[in-house]
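J.: Sharing a sequence plus its predicted fold:
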Amino acid sequence: GIAGVPSRRTARVPFSFELYPPKTDAGATALHAVIDHLAASGPDFISVTYGANGSSRGSSLDVLKYILHETRVDPMAHLTCVGSSHAEASSLIREFLDAGVHSFLALRGDPPQGTREGDSFLGDLGSAAELVQLIHRVQAEKVPYRETVIPGLPRARRLKTTRDKVRIGVAAFPNGHPQSRSTSQDIDTLLAKQAAGANLAITQLFFHADHYLSFIQRAEEAGVTFPILPGIMPVTSPNRLRRILELSGEELPAELSIQLEIEPTEAGQREIGIAHAVRLGQELLAGGAPGLHLYAFNQHDTVLSVLEGCGALPNGRTPTLSAHPPTDHTFAR
Ligand code: FAD
């Protein structure tokens with residue numbers, strides 16, 4: 001095998017990471033090192049978020065290109081359609097395909113402040129499901145054959161370019177989308193995304209395994225057949241907890257919140273966040289989750305510690321932790 005790439009023969013827990021586009025040149029340089037560490041752990045893909053209304057079009061694409069050209073990991077582009085015309089959305093998809101990115105997380109995106117659901121200037125595409133359809137249509141123009149030969153790329157990468165192997169992911173909300181009227185609407189929305197051709201979902205963050213496990217059970221009963229990856233966010237400070245509750249509308253997890261508030265040191269808070277994420281990951285895997293998707297906040301050490309604690313790193317290896325002493329003793333295995 002290739003140094004740093006884990007053997008595919010061992011049965012393993014699939015995992016993936018999510019990054020956001022950096023805002024500064026220094027951030028971009030630092031992120032390359034983070035990506036190298038994350039890639040060495042053997043993720044299925046690394047996804048890169050997309051700023052609402054195209055604000056991060058260039059910087060997202062730069063990160064995706066780095067993953068594509070400097071690692072063997074599949075880059076997944078988040079794309080949003082809110083505020084775009086049909087033609088703009090099509091050309092955006094073409095631009096990413098031309099750059100060599102073939103996996104997408106199709107999102108509607110949040111309407112700009114002050115606008116309301118149903119406003120006509122939200123754009124031509126009303127939902128993420130329509131974006132999924134459009135991605136498939138544009139892909140079909142661009143990738144008409146089962147196996148497209150791209151000179152200079154390894155065979156594994158070539159296979160990823162076939163139409164039926166392409167990942168088209170969508171968002172799922174175990175505790176309901178903030179605008180959703182009922183829990184059945186969230187399942188119906190997911191079914192619509194499946195009908196449009198999505199083959200993977202990633203969830204909004206949540207804090208209790210039961211919330212995810214009952215959601216995937218309801219989704220399965222309703223006929224959803226694609227894997228729904230739980231999105232796990234290690235919460236390593238009280239500030240971060242406040243911020244993500246604001247953004248996601250999730251309920252405050254009382255126990256985690258209290259533990260973070262009373263712990264005086266940053267190192268201690270980080271360990272609390274890791275321990276919570278490890279416990280959640282273990283419960284999810286025990287309950288049948290098809291893998292783990294980690295919100296990495298553009299850092300590698302915390303998410304790799306979580307995966308290690310969940311026993312998800314191949315052969316228990318800690319490929320990139322040498323710069324940060326392992327903290328095995330801080331959480332139960
Ligand atoms: P949709 O699935 O289209 O749903 C939006 C709302 O409309 C829901 O309430 C849904 O129930 C309802 N709805 C949809 N279709 C119908 C229908 N046919 N009839 C009635 N109601 C319907 N945002 C970004 O800007 N950039 C990102 O990179 C990004 N990444 C994300 C990654 C993940 C894993 C998640 C969970 C969210 C992400 N978001 C991102 C946020 C996302 O854009 C918002 O949550 C947005 O409000 C909803 O997007 P959606 O794709 O779920 O939309």
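T.: Yep, it's here. Here the structure is a predicted model, which means the values were calculated and not measured.

J.: Could I get the average pLDDT for stretch 286-302?
T.: With pLDDT averaged residue by residue, stretch 286-302 scores 97.

J.: For that stretch, buried residues please.
T.: Of all the residues in stretch 286-302, those buried under the rule 16 or more other Cβ atoms under 10 Å are 289, 291-302. For the C-beta atoms, the positions are set from N, CA and C on the backbone; glycine is no exception.

J.: taking those residues one by one, which sit in helices?
T.: Judged by DSSP state H, those include Asp301, Thr302 as members of helices.

J.: Quick check: the farthest pair among the buried residues of stretch 286-302?
T.: By the measure Cβ to Cβ, Ala289 and Asn298 form the most distant pair in those, at 24.1 Å.

J.: quick one, strands of this protein?
T.: 15-19, 45-48, 74-80, 103-107, 168-172, 200-203, 228-229, 231-232, 292-295 (DSSP state E).

J.: Quick one: these as CSV, columns for distance to the ligand too.
T.: Shown next, in CSV, are these (distance: least, Cβ to the nearest ligand atom, whole Å):
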stretch, distance to the ligand
strand 15-19, 7
strand 45-48, 8
strand 74-80, 3
strand 103-107, 4
strand 168-172, 3
strand 200-203, 4
strand 228-229, 9
strand 231-232, 5
strand 292-295, 7
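
J.: Output those in CSV; the columns should cover distance to Leu260.
T.: Shown next, in CSV, are the strands of the chain (distance: least, Cβ to Cβ, whole Å):
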stretch, distance to Leu260
strand 15-19, 22
strand 45-48, 26
strand 74-80, 28
strand 103-107, 29
strand 168-172, 26
strand 200-203, 22
strand 228-229, 25
strand 231-232, 16
strand 292-295, 17
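
J.: of all the residues in the stretch 201-333 of the chain, which ones are close to the ligand?
T.: Ile202, Gln204, Gly231 (Cβ under 6 Å from any ligand atom).

J.: mind putting those residues in TSV, neighbour count and pLDDT included?
T.: Putting those into TSV (neighbours: other Cβ atoms under 10 Å; pLDDT from 0 to 100) gives the following:
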residue	neighbour count	pLDDT
Ile202	22	98
Gln204	20	96
Gly231	22	98
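
J.: For those, give me JSON lines that also has distance to Glu88.
T.: As requested, those are exported to JSON lines (distance: Cβ to Cβ, whole Å):
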{"residue": "Ile202", "distance to Glu88": "24"}
{"residue": "Gln204", "distance to Glu88": "26"}
{"residue": "Gly231", "distance to Glu88": "28"}
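
J.: can you count the residues close to Leu190?
T.: 26 (other Cβ atoms under 10 Å).

J.: State the distance from it to Val63.
T.: 27 Å (Cβ to Cβ, to the nearest Å).

J.: Check Leu79 too.
T.: 14 Å.

J.: before we move on, the earlier item: looking at the buried residues of stretch 286-302, spot the one nearest Asp110.
T.: Here the nearest of the buried residues of stretch 286-302 to Asp110, counting by Cβ to Cβ, is Tyr295; it sits at 17.1 Å.

J.: Now do the contacts for that closest one.
T.: Contact analysis of Tyr295 by Cβ atoms under 8 Å, 6 or more residues apart in numbering lists Phe17, Glu18, Leu205, Gly231, Ile232, Met233, Pro234, Val303.

J.: and what of Gly249?
T.: Pro178.

J.: now swap in Ile187 and tell me
T.: Arg218, Ala219, Ala222, Val224.

J.: buried subset of those residues?
T.: Among those, those classed as buried by neighbour count (16+ other Cβ under 10 Å) are Arg218, Ala219, Val224.

J.: And for the residue nearest to Tyr20 when sequence neighbours are not counted, the neighbour number?
T.: Excluding the flanking residues, the one nearest Tyr20 by Cβ to Cβ, 6 or more residues apart in numbering is Thr49, at 4.6 Å. When neighbours are counted by other Cβ under 10 Å, Thr49 registers 18.

J.: Thr49 contacts His78, correct?
T.: Yes. Assessed by Cβ atoms under 8 Å, Thr49 is found in contact with His78 at 4.8 Å.

J.: Overlap in contacts, the two.
T.: Ser60.

J.: Show me what the longest helix anywhere in the chain is packed up against.
T.: Determined from DSSP H, the single longest helix within the chain is helix 266-286. Packed against helix 266-286 by the contact rule (3 or more Cβ pairs under 8 Å, 6 or more residues apart in numbering; DSSP states H and E) you find helix 209-222, strand 231-232, helix 254-262, strand 292-295, helix 301-309.

J.: what comes up buried for stretch 246-266?
T.: Those would be Ser248, Glu250, Pro253, Leu256, Ser257, Gln259, Leu260, Glu263, for stretch 246-266 by 16+ other Cβ under 10 Å.

J.: again, but for stretch 14-29
T.: Pro14, Phe15, Ser16, Phe17, Glu18, Leu19, Tyr20, Pro21, Pro22.

J.: The fourth one pairs with what?
T.: With DSSP bridges applied, Phe17 shows beta-bridge pairing to Ile46, Leu294.
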